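**Student:** A structural model of the following input is requested.
(chains A, B, C and D)
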There are 2 protein chains.
Amino acid sequence: MKKATDKKILNSAEQLFWHHGHRASSLDKIANDAGQSKGAVFHYFRNKKDITSQVLQKYAAEQLFEPLDKHFAQTPNTKEALLSWGMEVYQAYAQEGYKGGCLLGNLALELADEDEAVRCEMASIFQTFENQLTSYFKDTDRRGEMVMEPRQFARLLIATLQGITMTTKVHKDKNRAAREFQAFGELIERLIKG
Amino acid sequence: MKKATDKKILNSAEQLFWHHGHRASSLDKIANDAGQSKGAVFHYFRNKKDITSQVLQKYAAEQLFEPLDKHFAQTPNTKEALLSWGMEVYQAYAQEGYKGGCLLGNLALELADEDEAVRCEMASIFQTFENQLTSYFKDTDRRGEMVMEPRQFARLLIATLQGITMTTKVHKDKNRAAREFQAFGELIERLIKG
DNA sequence: ATAAAGATACCGACTAGTCGGTTTATGAAC
DNA sequence: GTTCATAAACCGACTAGTCGGTATCTTTAT
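**Tutor:** Numbers count the residues shown, from 1 in each chain, chains lettered A, B, ... in the order given. So this is what the prediction gives:
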């Protein structure tokens, strides 16, 4: 299978940003990892920011928006969809040995205070994800099954999942990780009725 | 007031790590910021890791353990203590313009996968904080006022607060920040009875 | 069909500057 | 005169980004 050079570079950048951070991932490393030269990198991208932006969009679509939609497409039950989504996140993370975590969260803490353009882009991704989640709660809310206001609950879920991803990354302990994600499940159980 | 050179270096390192991250804070910048030379830095510290470790311990004591203890010393009411603690975190963060966030959280995502020794140190700080929080819930639990198991609730609070700190740092929006911390308060209200 | 012309893809050496860390020099205290 | 505290010069490795050049496609003219 032949892969376009720019896609290869983007994939390498995504993996390196994800697992070693933005600053630690030099363009030399990205080029090398993609089996390309630095010249090729600058042929396809204006600069490192350009790569960062495209990686962010790619990650958001593939790792955040699509998986969430998938789980809500599989069942009309909100609670069930959230729990199976959380379970998938947990299992994927465990398989990686609790390394990497969430690329968006990592870049958020690393770059939000350093680059205003990237900050805006990340804010927009978080906002879109929150809207997506909130929209899934509308029907549930109409049936009177939401304990909290839909948008506030969506924010709480996003924040909590990011926080659990962080603490799990630090502890790298299987039993502990299971308990943390169990707490996430409990949160859902207690804040959605039925 | 005369300040010891090593304290000055440590303070500069803490501020730079906090607001620009570990990798972005070079030893030259730290020395410069402290009004000292690089020679002085290596006179008082073995290397950058040594500084990192000491900054971490200093931050944990001053910014995490002590403030929490303070709020629980002021009132015997668990819910009240948690809410006033959350309010202080929120106000301090707002005053900083939602910059920096939590030094421990920032370094956690930046270094947990890169340096095993630092990872262990951070894990231990998170663990101590969790134990501290859990211990405050013991009486509350004995009175049957806890909806969740104390330790699980402590983990949820830590994760959620870290997550809110992250999203707030990205959005840098006053109204949004107020709503996010309001959700944190709602979480406490709903998971502690009385 | 073929050759010239032009665009696209790619390479790797190079620049100016930064990194963590070392070494050497200096000045003061005792 | 020796020891501690600080400064400053320095090292090799690494950084983002530039640039001159080449190899390979695509288009056009004949």
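**Student:** Which single residue in chain A comes nearest to DNA strand C?
**Tutor:** A:Gly39 (2.1 Å; Cβ to the nearest atom of the strand). Heads up, the C-betas are built off the backbone N, CA and C, glycines and all.
**Student:** Show me what secondary structure element comes after the helix or strand that residue falls within.
**Tutor:** Here A:Gly39 sits within helix A:38-44, counting by DSSP states H and E. For helix A:38-44, the following helix or strand on the C-terminal side (DSSP H and E) is helix A:48-59.
**Student:** centre of the chain versus stretch A:41-51, how much separation?
**Tutor:** Stretch A:41-51 has its average C-alpha position 23 Å from the chain's average C-alpha position, going by Cα atoms, centre = their mean, to the nearest Å.
**Student:** Tell me if that stretch is near chain B.
**Tutor:** No. Remark: stretch A:41-51 sits outside contact range of chain B, by Cβ under 8 Å from any Cβ of the partner chain, the gap being at least 14.1 Å.
**Student:** For A:Glu88, which non-adjacent residue is spatially closest?
**Tutor:** Closest residue to A:Glu88 apart from its sequence neighbours, by Cβ to Cβ, 6 or more residues apart in numbering or on different chains: A:Pro67 at 6.6 Å.
**Student:** The one you found is in contact with A:Met87, isn't it?
**Tutor:** No. Assessed by Cβ atoms under 8 Å, A:Pro67 is found out of contact with A:Met87, at 11.4 Å.
**Student:** so what's A:Ala123 scoring on pLDDT?
**Tutor:** We have a pLDDT of 98 for A:Ala123.
**Student:** quick one, longest helix in chain A?
**Tutor:** In chain A, assigned by DSSP state H, the helix with the most residues is helix A:116-142.
**Student:** any bit of that one sitting next to chain B?
**Tutor:** Yes. Helix A:116-142 reaches chain B (Cβ under 8 Å from any Cβ) through A:119, A:122-123, A:126-127.
**Student:** from those residues, which would you call buried?
**Tutor:** Buried residues within the residues of helix A:116-142 next to chain B, defined by neighbour count using 16 or more other Cβ atoms under 10 Å in any protein chain shown: A:119, A:122-123, A:126.
**Student:** Would you check how far apart the residue of chain A found nearest DNA strand D and B:Ala92 are?
**Tutor:** Nearest residue of chain A to DNA strand D (Cβ to the nearest atom of the strand) works out as A:Ser26 at 3.0 Å. A:Ser26 sits 35 Å away from B:Ala92, taking Cβ to Cβ, to the nearest Å as the criterion.
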